[in-house]
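Q: One predicted model, sequence on top.
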Amino acid sequence: MLEIGSGTGQHAIYFATQMPHLVWHTSDRAANHADINGWLAKAGLANTRAPLSLDVATSAWPSLAVDAVFSANTAHIMSWEAVTMLFSGVGRLLSPNGLFLLYGPFNYDNRYSSESNRYFDQRLKQRDSQSGIRDFEALDALARQAGMVLQQDDQMPANNHLLCWRKC
């Protein structure tokens, strides 16, 4: 499993603990590596790996053999160009039947799923005009362009969803 945008490393530790059969590769911009390494060192899990440098908008992607890619709370803080590059990169990285799991808030039919998401989107755009809650349909189109098909769309707490695409 490759996690894109590992942030502090908390997700890596949680999921690697829950699924010890998976090897969890963390990745993020170099500025976040110290936090990730701190969490990894404290947990001391055999199935986690040191962070890889990856900025989906500017970096070369690592050459890894992974069965899945996971990213949480990233698409809404990236520019649309970076989101496009995220999907393209995942599509190139995954082997047939590989999974891409994307967690976060999403709009459906150009509508917010809640008033709190409307407010959150406004705050995101005030902070950075290139960010914002993404429309599911646009993300699904990017996935199809990258050779992936939607497998599941699971509603999660706090008006979030977990989207899962499979590489054809």
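A: Great, that's in hand.

Q: For the nearest residue to Leu93 once chain neighbours are set aside, give me its contacts.
A: Counting by Cβ to Cβ, 6 or more residues apart in numbering, Leu93 lies nearest to Trp61, which is 6.0 Å off, once chain neighbours are set aside. Where you see a C-beta, it was placed from the backbone N, CA and C, and this is true even at glycine. Contacts were defined as Cβ atoms under 8 Å, 6 or more residues apart in numbering; by that measure Trp61 touches 54, 89, 92-93.

Q: could you check the distance from Trp61 over to Ala34?
A: According to Cβ to Cβ, to the nearest Å, Trp61 and Ala34 sit 22 Å apart.

Q: right, and Ser6 touches Ser27 too?
A: Yes: shown here, Ser6 and Ser27 form a contact pair, counting by Cβ atoms under 8 Å, at 6.0 Å.

Q: more crowded one of these two?
A: Between Ser6 and Ser27, Ser6 has the larger neighbour count (other Cβ atoms under 10 Å), namely 31 against 27.

Q: tell me the SS of that one?
A: Three-state assignment for Ser6 (DSSP: H, G, I helix; E, B strand; the rest coil): coil.

Q: where's Asn97 relative to Arg166, distance?
A: From Asn97 to Arg166 the distance is 6 Å (Cβ to Cβ).

Q: same thing with Asn47?
A: Counting by Cβ to Cβ, the gap from Asn47 to Arg166 is 23 Å.
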